[in-house]
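1. structure for this input, please:
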Amino acid sequence: MAQTATKNNQHLPLDRIRNIGIIAHIDAGKTTTSERILFYTGRTYKIGEVHDGAATMDWMEQEQERGITIVSAATTTFWTPYFESNLPKESYRFNIIDTPGHVDFTAEVERSLRVLDGGITVLDASEGVQSQSETVWRQADKYNVPRICFVNKMDKLGADYFATIEDIKEKFGVKPAPMVLPIGAENNFRGLIQVLEQKAWEFDHDAKHDPKEIPVPEELKDKLAQMRQNLVEMIAETDDTLMEKYLNGEELSVNELKAALRQAVIAYKLVPIFAGSSLRNTGIHLLLDGVVEYLPAPADIKTVSGTNPKTDEPEERQLNPEEKFCGLAFKIQTDPHVGRLTYFRIYSGVLKSGSYVYNSTRGQKERVGRLLLMHANQREEIDEARAGEIVAIVGLKDTKTGDTLSDESAPIILEGITFADPVLSLAIEPKTKSDQEKMGLAIAKLLEEDPTYTVEVNKETGQTVIGGMGELHLEILVDRLKREFHVEANVGDPQVAYRETIRKASKGEGKYIKQTGGHGQYGHVLLRIEPKDRGTGYEFVSEITGGRVPKEFIEPTNKGVQEACDRGFLAGYPMVDLKVTLYDGSYHEVDSSELAFKMAGSLGMRQAVKDADMCLIEPIMDVEVTTPEEFMGDVIGDLGSRRAQIQGTTSRGSVTIIKATVPLSQMQGYVTALRGMTQGRATSVMIPSHYDEVPAAITAKIIEERGDWRARGGSDD
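-> Numbering: from 1, shown residues only. Below is the predicted model of the structure:
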């Protein structure tokens, strides 16, 4: 068995470092795969199981209780290629991040992918490409992260390797390159054949012995020959030199093919497919060798792009330790033992503990107290870290997620990280006065850790309202408040993030005139508002020419309009997807001020919306339900009662996959209801899709519940 007694803080050449993430749909087996990787690389000496609550990478109490990953966990380990390879048999450093699969924790995937060079996408062999797999695949596309796929659970009932490959081709839109041929499936799954090398291997399910080479089964020889020919053609098509040799009938060596495949993977032309069963310790050696052979090293990426904050000009940095230092903070975590941890990817240069760095994003100097290598929630202190490495920094006070740290003499701002807006909110209030004091501090820390949480105080009710990506996301926040920060709180029902918008164009006049003893106030604007496409947000345009409204009063007008939009006009929800044009107005040489035009903008907006045919819009979710066939009718009937639009159904083995779009407001408590109607045998996944109009009857009910805007303090004046 592999593999290493190497110290974790040794510095290897850049071509022997792999920064990889393990990404997938919930329950595909990411954490189980991570545990096998840690075991076979010698990082741990005992395999931790998710179902026992003992997985190394799932270290939070909430993760162990629920059997799911909630926060991404980082670790460093080493691997020497096990099978014959065209690469030297030397130790390779793996910086691994295990990410959550649940859609509520998509921010953890987003920030991890931003700093990784490659990814392993784990798929369930019986389920194929599931909805959240597609989501994380698109996230990886956004950051151009090369991937390999691992078709897991080949021993599971309904496992189908070739159907999953077709799924990969169809749903991911990529060219899969199958690197292995499974020997058997379901209960008969007993090993794997390397397609290029044409060697068969049997694996020890108890992980006590190394893989054993066996003869290729007779019944698979023809299939193997066909797969190898297809794979060789596929690889040759990506390389002109190989294609010429292939067309001339020359034999292509395994090493030539592997070298070309590596370049094709880095260029996003091909995706190698491996297979196995992590739970039965099968196929991990081949997967690890695949990471070394095909996923890029920092040396393959070569440069990172950014912007010089002094000149706003684009800049590039070479990814090597000799360059000026720069890197990206991608995660903040509060550690009970060492305090505030900043997870950091170093792109260039060297970072030493005790040194000063420059936060280019915020224009501030920060001191690096200590440098740590993380292994889930365990820490190992190091003196320095180099380009290509992922570390945690203790001592940074003002650095936030997405900030760039660099050498002060050569500042650069790297591309940050963008997160989705919250779709659910709940009211939370402390039970006692002492809880009130602790809650503010605790929420601030949790918001720093997870930027997809939001917090605001409702001006009408005085309640603190927390926003998040779903019921589970908010449930975890409340649970952490109680356990980690010892804050007892009462929680209101989750509230859907409705928005207001307009259906047609309209005009409005805003005039703010106030006479006082001294200078008065005078602001006068004419506004035109028009609807925009869903999801395009707010836009403000000025058509003022000839000084009808002085330049310095245009932005205050915009601020007044925006503040009015944030308060809402129909039911007190923020207004979105509209274009506001300031096309005329007037001013007074003495009495006009920024405040007057801000008030005029707000009043003009209030008048304009009266004839704009306002409506409420609500978040719509893409829902995918996987259910045994006998419950399909009940599930579809229940979805129909929730205003769902069924998009289609597909069968896979004995289960049916139902795809639908459903208003989020109708889906609270759905998981519990689904379990009840299917004897606990169905599963569902919800992913935010878009906003759509709320039916008139429901809009009227919402307005009645919240009180119309005039009753809340609006007026026609």
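2. once you drop chain neighbours, what's closest to residue 205?
-> The spatially closest residue to residue 205, leaving aside those adjacent along the chain, is residue 280, at 4.5 Å (Cβ to Cβ, 6 or more residues apart in numbering). Bear in mind the C-beta positions are built from the backbone N, C-alpha and C, glycine included.
3. the longest strand along the chain pairs with which strands, and in what direction?
-> Taking DSSP state E as the criterion, the chain has its longest strand at strand 614-628. Looking at strand 614-628 with DSSP bridges, its partner strands are strand 499-502 (antiparallel), strand 655-663 (antiparallel), strand 683-693 (antiparallel).
4. ignoring the adjacent residues along the chain, who's closest to residue 177?
-> residue 270 (4.5 Å).
5. residue 410 too?
-> residue 324 (4.0 Å).
6. how many residues are close by that neighbour?
-> 15 (other Cβ atoms under 10 Å).
7. ok, the residue nearest to residue 177 - contacts?
-> The contact partners of residue 270, by Cβ atoms under 8 Å, 6 or more residues apart in numbering, come to 174, 175, 176, 177, 234, 235, 238, 261, 264.
8. confirm for me that residue 110 is in contact with residue 139.
-> Yes: contact status for residue 110 versus residue 139: in contact at 5.8 Å, counting by Cβ atoms under 8 Å.
9. and the residue nearest the centre of the chain, what element?
-> Per Cα atoms, centre = their mean, the C-alpha nearest to the average position across the chain is that of residue 110, at 2.7 Å. Assigned by DSSP states H and E, residue 110 falls within helix 106-115.
10. can you pull the pLDDT of residue 712?
-> According to the prediction, residue 712 has pLDDT 46.
11. now for residue 563, how many residues are close by?
-> 14.
12. for it, give its distance to residue 29.
-> 49 Å (Cβ to Cβ, to the nearest Å).
13. what residues of stretch 207-219 count as buried?
-> Within stretch 207-219, the residues that count as buried by 16 or more other Cβ atoms under 10 Å are 207, 211, 216, 217.
14. that one: end-to-end distance?
-> 27 Å (Cα to Cα, to the nearest Å).
15. and for stretch 499-508?
-> Termini of stretch 499-508 sit 21 Å apart (Cα to Cα).
16. buried stuff in that stretch?
-> Under 16+ other Cβ under 10 Å, the buried positions of stretch 499-508 are 499, 500, 501, 502, 505, 506, 508.
17. what's near enough to touch the second one?
-> With Cβ under 8 Å, 6+ apart as the criterion, the residues that contact residue 500 are 568, 569, 570, 571, 573, 574, 575, 576, 614, 615, 616, 617.
18. assign the fourth one to helix, strand or coil.
-> Secondary structure assignment for residue 571 (DSSP: H, G, I helix; E, B strand; the rest coil): coil.
19. how close does the residue nearest to residue 304 when sequence neighbours are not counted get to residue 415?
-> Sequence neighbours aside, residue 347 is the residue nearest to residue 304 in space, at 4.5 Å (criterion: Cβ to Cβ, 6+ apart). Residue 347 sits 11 Å away from residue 415, taking Cβ to Cβ as the criterion.
20. bridging residues for residue 616?
-> residue 500.
21. with the one 10 residues further on instead?
-> With DSSP bridges applied, residue 626 shows beta-bridge pairing to residue 657, residue 683.
22. and it, how many residues sit next to it?
-> 19.
23. mind listing what it touches?
-> Counting by Cβ under 8 Å, 6+ apart, residue 626 touches 127, 130, 655, 656, 657, 658, 682, 683, 684.
24. what about 6 Å?
-> 655, 657, 683 (Cβ atoms under 6 Å, 6 or more residues apart in numbering).
25. out of the residues you listed, flag the one nearest to residue 90.
-> Ranked by distance to residue 90 (Cβ to Cβ), the contacts of residue 626 are led by residue 683 at 43.1 Å.
26. my read: residue 608 touches residue 529, true?
-> Yes: if you go by Cβ atoms under 6 Å, residue 608 and residue 529 touch, sitting 4.8 Å apart.
27. joint contacts of these two?
-> Listed as contacting both residue 608 and residue 529 by Cβ under 6 Å, 6+ apart are residue 506.
28. so which strand or helix has the closest residue to residue 279 other than its chain neighbours?
-> Of all residues not flanking residue 279 in the chain, residue 32 sits nearest, at 5.8 Å (Cβ to Cβ, 6+ apart). Assigned by DSSP H and E, residue 32 falls within helix 30-40.
29. by contact count, what packs against that helix?
-> strand 17-24 (3 or more Cβ pairs under 6 Å, 6 or more residues apart in numbering; DSSP states H and E).
30. mean confidence (pLDDT) on the strand it packs on, please.
-> Taken as a whole, strand 17-24 has an average pLDDT of 89.
31. that one - contacts with which helices or strands?
-> Counting contacts by 3+ Cβ pairs under 6 Å, 6+ apart, strand 17-24 packs against helix 30-40, strand 92-98, strand 118-124.
32. got JSON lines for those, with distance to residue 150 and mean pLDDT too?
-> Shown next, in JSON lines, are these (distance: least, Cβ to Cβ, whole Å; pLDDT from 0 to 100):
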{"stretch": "helix 30-40", "distance to residue 150": "7", "mean pLDDT": "85"}
{"stretch": "strand 92-98", "distance to residue 150": "13", "mean pLDDT": "87"}
{"stretch": "strand 118-124", "distance to residue 150": "5", "mean pLDDT": "94"}
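33. out of those, nearest to residue 363?
-> Across the helices and strands packed on strand 17-24, closest to residue 363 is strand 92-98 (Cβ to Cβ), at 29.1 Å.
34. would you put the C-alpha positions of that closest one in CSV?
-> The C-alpha trace of strand 92-98 is given here as CSV (Å, rounded to 0.1, in the frame of the first residue of the first chain):
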residue,chain,number,x,y,z
TYR,A,92,3.7,14.6,-5.7
ARG,A,93,2.1,17.1,-3.4
PHE,A,94,-1.7,17.2,-3.4
ASN,A,95,-3.5,20.2,-1.9
ILE,A,96,-7.0,18.9,-1.7
ILE,A,97,-10.3,20.6,-0.9
ASP,A,98,-13.4,18.5,-0.2
